[in-house]
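Colleague: Could you work out the structure for the sequence below:
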Amino acid sequence: MVAALACSTKTADAPPPTIAPARAAVSPAVTQRPDGTVVPLADAGVAAVFDPVTSALVVLGRTAAGGSTITIVPTSGAPRTLPLPAVATAIVTDGDGTVCAAVRGGYFRVGLRPGDAVRRFDVDGERDTDFTAIARRADGKLVLGSTVGAVYTLGSDTAVAAKLQIFARVDALVARGNVVAVLDRGQTSVTTVDESGTSADHALRAGEGATTMVADPAGRLLVADTRGDGLLVFGSDPLLLRQRYPVPGAPYGLAGSQRLAWVSETATNTVVGYDLATGIPVEKVRHRTVQQPNSLAVDDRTGTLYVVSGSGAGVQVIPGAPR
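Modeller: All right, here's what the predicted structure looks like:
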């Protein structure tokens, strides 16, 4: 993997060389009571985001039959689950009390308030495209990634304004302003795509087997190197690896708060909070978790940490986590 990519607006002539993508560890059975409280969920968690407009955790779930659900977990009261008409792969908050969920051919926009609708949007000309990742830029434009390694920047609800196809597969997208970072597990790389959506600015190798990526409030990109047992911290403007720190136990779930970077260890059912302020991550707090802690989210206003099980063990709510 080279440290930078030449700009390109063309579809790649051949797929890039890849390695076998890393995965979360299969977590052992829980032997100690998880910290905080556990909210039961009917489905296994696939992804989670915290929506500050409605003050609710939103969980994308996978049913036993292979379908998808959206579960809204409020700060008080019972969770509410909405079935989706198609299998979804990723979610992002919309900034107005809705989330968007990527599906084959397009995406759903799901209102989070009682009585809100679930609306489907089909991306023009992409009926058979399997979308795997989704992000929203600062200017409101949605960006989708696909199994064939393309990044699509939408100019409206359905129109493709730009397409960049240079990846093996797009596994995660994170927007910092109008620049979008792309995680490709097959290439174990992080790449930034410029505001036009047609060119790659920079690309860097991301450890030995990167799996997940989020942004923190300071503008850093946090990446879990699951195969290499490490936390990678990138600056996003420009893309630069600033910190690499060993995290044993197959790190996978990530969340960034004002003060800490949260990392789950899927091999040990643990979540750890690291302070990044000194230039070397410093462990500040450690919690026992539910089984398979694959997804994390943080409510920065209250310091509540959410740990979502990928095996159906529910949502763990840890109040008063350091912010």
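Colleague: what's the neighbour count on Arg62?
Modeller: 19 (other C-beta atoms under 10 Å). Using the backbone N, CA and C atoms, a C-beta is placed for each residue, glycine as well.
Colleague: likewise Pro40?
Modeller: 9.
Colleague: My read is that it contacts Gly314, right?
Modeller: Yes: between Pro40 and Gly314 a contact is recorded at 4.6 Å, counting by C-beta atoms under 8 Å.
Colleague: which residues does Asp201 contact?
Modeller: Cys7, Val179, Thr191, Thr192, Val193, Asp194, Pro238, Leu239 (C-beta atoms under 8 Å, 6 or more residues apart in numbering).
Colleague: Show the buried residues in those.
Modeller: Buried positions within the contacts of Asp201, assessed by neighbour count (16 or more other C-beta atoms under 10 Å), are Val179, Thr191, Thr192, Val193, Asp194, Leu239.
Colleague: ok, for the fourth one, nearest residue in space, not its chain neighbours?
Modeller: Meaning Val193. Nearest residue to Val193, sequence neighbours excluded (C-beta to C-beta, 6 or more residues apart in numbering): Val180, at 4.7 Å.
Colleague: quick one, what contacts the one you found?
Modeller: Contacts of Val180 by C-beta under 8 Å, 6+ apart are Ala135, Arg137, Val143, Val151, Thr153, Leu173, Val174, Thr192, Val193, Gly197.
Colleague: The fifth one and Val160, how far apart?
Modeller: Spatial separation of Thr153 from Val160 under the definition C-beta to C-beta, to the nearest Å is 7 Å.
Colleague: Which one of those two is surrounded by more residues?
Modeller: Thr153 (22 against 17).
Colleague: how far out from the middle of the chain is the strand or helix carrying the more buried one?
Modeller: Using DSSP states H and E, Thr153 sits in strand 150-154. Distance, stretch centre to chain centre, for strand 150-154: 17 Å (C-alpha atoms, centre = their mean, to the nearest Å).
Colleague: Do I have it right that Thr304 meets Leu296?
Modeller: No: the criterion here is C-beta under 8 Å, and Thr304 misses it with Leu296 at 11.4 Å.
Colleague: Please say which of those two ends up with more neighbours.
Modeller: Leu296 (24 against 21).
Colleague: what pairs with that one across the strands?
Modeller: Val307 (DSSP bridges).
Colleague: surely it meets Gly256?
Modeller: No: under the criterion of C-beta under 8 Å, Leu296 is not in contact with Gly256, lying 9.3 Å apart.
Colleague: who touches both of the two?
Modeller: Counting by C-beta under 8 Å, 6+ apart, the residues touching both Leu296 and Gly256 are Trp262.
Colleague: about what we covered before: now, the buried ones among the contacts of Asp201 that are in strands?
Modeller: Val179, Thr191, Thr192, Val193, Leu239 (DSSP state E).
Colleague: could you dump the residues you listed to TSV with pLDDT and distance to Thr129?
Modeller: Formatted as TSV, those follow (pLDDT from 0 to 100; distance: C-beta to C-beta, whole Å):
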residue	pLDDT	distance to Thr129
Val179	96	23
Thr191	98	20
Thr192	98	22
Val193	97	17
Leu239	96	26
